[in-house]
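Chemist: Got a sequence here, can you build the structure:
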Amino acid sequence: MSNQPVDVELTLNYPGERLDKALTMAMPQLSRMQWRRLIDEGMVKLGERPLTKPSLKLEGGEQVVATLPEVQPTDLLPEDIPLDIRYEDGDMIVINKPADMVVHPGTGHYSGTLANAVLFHCPDLKGVGGEMRPGIVHRLDKGTSGLIVVAKHDQALWHLQKQFKKRTVRKKYLALVEGQLQPPAALIDVPIGRDPTQRKKMAVIRPHPTHSLHARPAQTQYRTMTAYDDFTFIECDLFTGRTHQIRVHLAYIKHPVVGDSIYGRRKRKFDLKRHFLHAAELVLKRPSDEQELTFRAELPPELQAILDLLDNQ
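Modeler: Numbering: from 1, shown residues only. Okay, here's the model as predicted:
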């Protein structure tokens, strides 16, 4: 992919069709899930108005502009990369992702991703959810470790994505933030959208009569686990799933995640080559029988070592 977004003009002559399906038919180089993500991020516009509902029914003949990364032609190849699999059945795989692994191919990362590793482990996943995202239901940032679920077939993918969309999936994250967090527990409820000046970043964007910047509701609940002199160890519950949500929200309240070089302080306080954010718990329903399952992943050694250091000071 290129570093600069590319505007593509498309005419959607599909009366009565859903927006996401029409876009996939008009430009099949992107999967339907990729189009949904672009719609969610406000990257598909009719005139100046972002179209934010994948299910929007078209009248036919709409001329839209989609802002998307330029895709390099590449095939996703299976790669024999070790995976920390915490659960597997006929519907899905739950993986504890390390912090240095990218979830799927993108700018500068065309191999060595979770998608490459999963495809080697389960070759039948090719084509589930799009060629470049075999079975990937949700994502974690490269620097975030923890639990991620992968669907093994289209029906399971649809079922799991529906749970995420309806916000019935419970996700708990552990984070260490700068400073003493006050109050010790609170709900951060401010919308997040694409940063208008730096397209690779997200930002809190409040409605304002002088701009039409697109933002979506975002809610992060946090509570203090341990308060240190200069840091706070917290647990976060996500009620929405916006890109970089926890990192943006915590930076917004002036308590950025330790080690976050994008939204936090560039000068590192610890010898840590990642940010201190870990997806520790995932609760969802198994697609085959809707039994609720809970998965947990302990803090990786490099993060636990920092807590041990603070505990002993």
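Chemist: Please parse the chain into its domains.
Modeler: The record, using automatic domain parsing to delimit domains, assigns the chain the ranges 5-69, 72-165, 171-279+303-311.
Chemist: These into CSV, with extra columns for mean pLDDT, mean neighbour count and distance to Glu292?
Modeler: C-beta coordinates here come from the backbone N, C-alpha and C atoms, glycine included. CSV is the format used below for the domains of the chain (pLDDT from 0 to 100; neighbours: other Cβ atoms under 10 Å; distance: least, Cβ to Cβ, whole Å):
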stretch, mean pLDDT, mean neighbour count, distance to Glu292
domain 5-69, 86, 16, 25
domain 72-165, 85, 18, 10
domain 171-279+303-311, 91, 17, 14
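Chemist: out of these, nearest to Ser288?
Modeler: domain 72-165 (5.2 Å; Cβ to Cβ).
Chemist: How far away from the center of its chain is the closest one?
Modeler: When C-alpha coordinates are averaged (Cα atoms, centre = their mean, to the nearest Å), domain 72-165 and its chain have centres 12 Å apart.
Chemist: those helices in the chain, which residues are they?
Modeler: Assigned by DSSP state H, the helices in the chain fall at 19-26, 32-40, 114-121, 154-165, 245-252, 301-311.
Chemist: what's the longest one in contact with?
Modeler: Looking back up the chat, that one is helix 154-165. 33, 91-92, 128-129, 135, 137-138, 149, 151, 169, 241, 284-285, 287-288 (Cβ atoms under 8 Å, 6 or more residues apart in numbering).
Chemist: Please repeat the previous calculation with a cut-off of 7 Å.
Modeler: 91-92, 128-129, 135, 137-138, 149, 151, 169, 241, 284-285, 287 (Cβ atoms under 7 Å, 6 or more residues apart in numbering).
Chemist: was I right about Lys172 contacting Glu281?
Modeler: Yes. Assessed by Cβ atoms under 7 Å, Lys172 is found in contact with Glu281 at 3.8 Å.
Chemist: give the contact list for the closest residue to Glu41 other than its chain neighbours.
Modeler: Sequence neighbours aside, Arg194 is the residue nearest to Glu41 in space, at 6.2 Å (criterion: Cβ to Cβ, 6 or more residues apart in numbering). For Arg194, the contact set (Cβ under 7 Å, 6+ apart) comprises 41-42, 202.
Chemist: mind checking how far Arg194 is from Arg216?
Modeler: Here Arg194 is placed at a distance of 10 Å from Arg216 (Cβ to Cβ, to the nearest Å).
Chemist: Check Gln180 too.
Modeler: Using Cβ to Cβ, Gln180 is found at 30 Å from Arg216.
Chemist: Please apply the same query to Leu38.
Modeler: 13 Å.
Chemist: Next: Tyr252.
Modeler: For Tyr252, the distance to Arg216 (Cβ to Cβ) stands at 15 Å.
Chemist: next one: His275
Modeler: His275 is 22 Å from Arg216, by Cβ to Cβ.
Chemist: swap in Ala203?
Modeler: On the measure of Cβ to Cβ, Ala203 and Arg216 end up 12 Å apart.
Chemist: overlap in contacts of these two?
Modeler: Common contacts of Ala203 and Arg216 (Cβ under 7 Å, 6+ apart): Gly193.
Chemist: Nearest to Leu293, out of the domains of the chain?
Modeler: Relative to Leu293, the nearest member of the domains of the chain by Cβ to Cβ is domain 72-165, separated by 7.3 Å.
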